[in-house]
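# below are the sequence and a predicted model; questions follow.
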Amino acid sequence: MDSDKSRQPVFVAGVRTPFLRSGTEFKNLMAYDLARSAIAGLISKTGIAAGDPDATILGTVIQEVRTANLAREAALAAGIPNNVPAHTVSMACISSNLAMSQACDAIRLGRASMVVAGGAETMSDVPIRVSRKLRAKLLESRKYKSPLEYTKLLKGFKFSDLAPELPAIAEFSTGETMGESCDKLAAQFGVSRSQQDSFAAASHKRAAAAWKDGFYDDEVIPVAAGSKNNPVGFDNGIREDSEPEKLAKLRPAFVKPFGTVTAANASFLTDGASACLITSASAAEKKGLRARAAIKDYVFVSQDPVHELLLGPAYALPVLLSANNLTHKDIDVFEFHEAFAGQILANLEALASDKFMKAVKGNKLSAFNMPMERFNTKGGSLSIGHPFGATGTRLVSTAVKRLEQENGRFAVVAACAAGGQGHAMLIERLP
């Protein structure tokens with residue numbers, strides 16, 4: 001550990017709400033509600049005072065206009081005093097990874113000693129706006145005074161202008177959906193449909209086994225929801241009975257009829273929130289908190305969104321390990337975000353490719369085969385779910401707990417993100 005404990009960021013605890021399929025029990029809640037629950041649960045779990053944190057940083061992707069600064073609104077609602085600043089970040093699927101990294105940066109710079117970091121997302125109630133032409137008309141109407149003047153709104157207006165605009169599911173820069181990009185990536189790296197279905201089914205079985213073993217019991221905070229407002233405390237997207245043979249019957253979801261990405265081997269739309277407490281090593285000692293792991297290093301990468309949209313982990317991992325003079329053999333726990341089974345398998349194929357690894361700027365590692373006995377052993381986004389702004393903190397919480405249970409030293413978390421970006425974080429278990 002860094003000799004200056006006041007500037008060494010450590011992970012103390014992480015919690016999350018259940019991750020639920022959108023349109024189910026959380027459908028009437030805002031991301032704000034979920035984030036508030038996660039922060040309140042974290043404060044309760046750690047026993048800190050609500051006024052102890054120096055800041056709150058949350059990630060989110062599709063913002064609710066009434067709570068544009070989600071972190072501030074959720075922090076206040078969770079009881080954090082109004083003199084503690086809070087801000088919201090957005091970096092697609094690695095938004096909470098960015099929130100945690102900014103928390104660590106603040107501690108390393110000596111500007112904070114304790115930060116709440118995490119993220120939240122709801123896909124059950126996304127903001128839908130009116131057309132640009134209708135928006136212009138509505139803004140124009142503010143200067144009208146008489147009923148006669150309001151008739152000017154009809155000039156040049158068509159019924160088609162009333163059609164709502166949904167949040168885009170395609171990349172703005174390429175016009176392609178992420179599923180289409182995954183289909184291309186799988187084809188590029190020779191990942192078959194059967195491989196994808198097998199990986200997805202295995203993810204569900206691993207997640208189901210982890211819940212049965214009690215792995216997630218102390219991490220998931222029950223949230224009152226649904227028509228009867230009963231506590232919901234379990235991820236509801238896990239399908240223990242998933243079998244490759246069943247999944248093989250589904251039709252391609254994006255590239256028809258020959259694509260390999262389906263609804264079952266892709267992560268599903270999810271509602272949920274996560275939060276973790278990151279402190280300096282000295283602040284943890286002072287407050288009597290157990291510093292469970294040191295957050296050693298992290299990198300963010302970007303690549304071509306046309307051909308390499310989902311290859312973030314394959315670019316980030318070699319750079320991270322090379323910078324810390326480590327190889328894959330030194331890593332005891334791997335936790336990767338599973339956007340699609342095809343995306344995961346293509347990234348693993350890239351890491352095993354001499355040609356790819358030699359092309360990664362800043363990489364000193366040789367190509368290697370991922371040791372799958374250390375990889376996503378408790379399930380992943382394919383089975384647990386993927387609230388865009390919250391997944392990163394779930395990955396870190398899982399990685400730290402796995403290090404403890406498996407008596408490992410180093411863990412790596414990695415994820416891809418829209419826009420052709422990626423992230424990797426190095427974590428070291430503390431005694």
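Everything's here; your move.

# residues contacting Leu34?
17, 26, 120-122, 223, 271-273, 387 (CB atoms under 8 Å, 6 or more residues apart in numbering). (Glycine included, C-beta is placed from N, CA and C.)

# excluding chain neighbours, what is closest to it?
Ala273 (3.7 Å; CB to CB, 6 or more residues apart in numbering).

# ok, back up a step: return the member of the contacts of Leu34 nearest to Lys378.
Gly272 (16.1 Å; CB to CB).

# okay but Ala31 is in contact with Val65, surely?
No. With contact defined as CB atoms under 8 Å, Ala31 does not count as touching Val65 (11.7 Å).

# who has more neighbours out of those two?
Ala31 (31 against 7; other CB atoms under 10 Å).

# can you give me phi and psi for that one?
phi -60, psi -30 (degrees, to the nearest 10).

# then the one 10 residues further on?
Backbone geometry at Gly41, expressed as degrees, to the nearest 10, gives phi -60, psi -40.

# what's the pLDDT at the closest residue in space to it that isn't next to it in sequence?
Spatial nearest neighbour of Gly41, chain neighbours left out: Ile221 (3.4 Å); criterion: CB to CB, 6+ apart. With respect to pLDDT, Ile221 scores 97.

# number of nearby residues for Ile221?
Ile221: 23 neighbours (other CB under 10 Å).

# just want to check the distance between it and Ser37.
6 Å (CB to CB, to the nearest Å).

# what touches both of those two?
Thr17.

# low-confidence ranges, this protein, go.
1-2 (pLDDT under 70).

# so which residues of it form helices?
For the chain, the helices defined by DSSP state H cover 31-46, 70-77, 95-108, 132-140, 147-150, 178-188, 193-212, 244-247, 281-287, 312-323, 341-351, 354-359, 381-384, 391-406.

# any idea which of these is most buried?
Mean neighbours per residue, mean count of other CB atoms under 10 Å, is largest over those for helix 381-384, with a mean of 30.

# list the helices and strands it packs on?
helix 193-212 (3 or more CB pairs under 8 Å, 6 or more residues apart in numbering; DSSP states H and E).

# can you give the distance from the helix it packs on to the centre of its chain?
19 Å (CA atoms, centre = their mean, to the nearest Å).

# how far off centre is stretch 9-21?
11 Å.

# alpha carbons only: can I get that stretch in PDB?
The C-alpha trace of stretch 9-21 is given here as PDB (Å, rounded to 0.1, in the frame of the first residue of the first chain):
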ATOM      1  CA  PRO A   9      -8.100   5.000  -1.800                       C
ATOM      2  CA  VAL A  10      -9.600   1.800  -0.300                       C
ATOM      3  CA  PHE A  11     -12.900   0.000  -0.800                       C
ATOM      4  CA  VAL A  12     -14.900  -0.400   2.400                       C
ATOM      5  CA  ALA A  13     -18.300  -1.700   1.300                       C
ATOM      6  CA  GLY A  14     -20.700  -1.900  -1.600                       C
ATOM      7  CA  VAL A  15     -24.400  -2.400  -1.800                       C
ATOM      8  CA  ARG A  16     -27.000  -2.500  -4.500                       C
ATOM      9  CA  THR A  17     -30.700  -2.800  -5.000                       C
ATOM     10  CA  PRO A  18     -32.000  -5.900  -6.700                       C
ATOM     11  CA  PHE A  19     -31.500  -5.700 -10.400                       C
ATOM     12  CA  LEU A  20     -35.000  -6.100 -12.000                       C
ATOM     13  CA  ARG A  21     -36.200  -6.500 -15.500                       C
END
